[in-house]
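**Q** output the structure for:
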Amino acid sequence: MDSETLQILISALLIIGGTVMLYFGAEGLVTGSSSVAVRAGITPFVIGITIVGFGTSSPELVVSVTAALKGNGGISLGNVIGSNICNIALILGLSAIIRPINVEMKSMSRDMFIMIAVSLLLIIFLLDGQISRLEGVIFFVLLMVFLSVTVHLSRKVIKNNNKEQNLDHHIKISRPIWLDILFILGGLGILIVGADFFLKGSIKVANMFGIPDVIIGLTLVALGTSLPELATSVVASIKKQSDISLGNIIGSNIFNILCIIGIASMLSPISTNEISPIDLSVMIGLSLVIVPMSLSRRRISRIEGFILLMVYIAYMSYLTISIPANN
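**A** This is a model prediction of the structure:
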């Protein structure tokens with residue numbers, strides 16, 4: 001077996017193995033987090049926007065913090081912006097195509113507007129071409145406030161309403177709580193490792209076909225670090241846990257800005273002129289467009305999911321065409 005054939009075989013095994021790990025990791029995470037929502041008296045949406053949202057954003061955290069410490073602010077910011085675009089256009093799009101997503105307007109609309117607000121704040125902070133340590137602290141403080149208010153309001157809503165109507169009757173809570181925690185932690189761990197395997201395999205294949213490194217970074221890295229969100233949201237849609245699916249996406253986008261950019265810039269100020277106005281416009285535009293989609297019949301339909309998916313394909317095509325022309 002020659003070296004090229006061996007490389008192709010290794011790449012294929014990494015991609016296949018990563019895909020399998022992503023599915024089972026997402027399965028464990030959704031199962032454990034849904035049960036925790038029942039035990040804690042909070043809605044699955046809040047679990048999706050907190051525990052699941054933070055957990056599935058961990059690959060972005062590792063990549064962005066490492067890049068910031070190495071002085072590469074472009075990768076740090078590009079990863080977060082690219083992941084946020086991927087979360088809405090690709091992941092929410094695919095989730096809605098699999099199963100239309102019902103929208104609980106009271107909580108989701110508030111958090112969607114928070115996602116828009118923090119996205120605009122990121123753009124404002126970037127007007128001078130950098131994210132300072134002080135701005136990173138502001139992001140992180142806002143994250144703590146967001147989490148505290150979200151959990152408090154959720155528990156208040158559950159307390160004032162019939163809790164049973166918000167629970168999936170398929171969820172069993174007879175097992176011990178340590179098993180649910182094991183599902184969550186084990187699922188997160190498998191998701192992260194699976195995403196790493198999938199990303200390494202994809203990059204090897206891309207290199208074999210001569211795809212430039214800059215395109216790999218803007219597409220595969222952003223997509224690769226979003227694979228946990230993709231796997232979790234798709235599995236949640238299949239299991240009819242649309243609250244977790246949408247909450248995961250909104251939560252991940254909020255975490256990506258407030259937590260990841262916040263921590264990365266606190267460790268090392270992020271300076272970059274590599275993020276284009278088009279990238280920022282696509283990110284904020286997608287954040288805005290899901291509001292009317294959610295308000296129409298309080299659901300994101302399959303057609304709307306298809307539109308989001310087409311936007312992602314168009315954006316990826318734009319990157320593929322425009323980047324080589326500028327190099």
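**Q** now do the SS call for the closest residue to Leu29 other than its chain neighbours.
**A** Spatial nearest neighbour of Leu29, chain neighbours left out: Gly187 (3.3 Å); criterion: C-beta to C-beta, 6 or more residues apart in numbering. No exception for glycine: its C-beta is placed from N, CA and C like everyone else's. Put simply, Gly187 is helix when judged by DSSP: H, G, I helix; E, B strand; the rest coil.
**Q** confirm Met84 sits in a strand?
**A** Just to correct that, residue 84 is Asn rather than Met. No: with three-state DSSP as the criterion, Asn84 is helix rather than part of a strand.
**Q** go ahead and confirm it touches Ile254.
**A** No: contact between Asn84 and Ile254 fails when scored by C-beta atoms under 8 Å: they sit 9.4 Å apart.
**Q** please enumerate the strands of this structure.
**A** Secondary structure of the chain (DSSP state E): strands located at 101-102, 130-131, 270-271, 299-300.
**Q** for those, which one sits closest to Met283?
**A** Each of the strands of the chain has some distance to Met283 by C-beta to C-beta; the shortest is strand 130-131, at 15.1 Å.
**Q** which helices and strands sit right next to that closest one?
**A** Counting contacts by 3 or more C-beta pairs under 8 Å, 6 or more residues apart in numbering; DSSP states H and E, strand 130-131 packs against helix 73-86, strand 270-271.
**Q** dump those to a markdown table, plus mean pLDDT and mean neighbour count.
**A** Below are these laid out as a markdown table (pLDDT from 0 to 100; neighbours: other C-beta atoms under 10 Å):
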| stretch | mean pLDDT | mean neighbour count |
| --- | --- | --- |
| helix 73-86 | 80 | 26 |
| strand 270-271 | 78 | 22 |
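**Q** could those go into CSV alongside distance to Pro228?
**A** Below are these laid out as CSV (distance: least, C-beta to C-beta, whole Å):
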stretch, distance to Pro228
helix 73-86, 10
strand 270-271, 23
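**Q** quick one: pLDDT of Ser242?
**A** pLDDT recorded at Ser242 is 63.
**Q** how close does Val282 get to Val311?
**A** 8 Å (C-beta to C-beta, to the nearest Å).
**Q** okay, these two: which has more neighbours?
**A** The neighbour count for Val282 versus Val311, taken as other C-beta atoms under 10 Å, is higher for Val282 (22 against 19).
**Q** Tyr315 is in contact with the more buried one, correct?
**A** Yes: using C-beta under 8 Å, Val282 is in contact with Tyr315, at 5.6 Å.
**Q** so what sits against both of those two?
**A** Ile85 (C-beta atoms under 8 Å, 6 or more residues apart in numbering).
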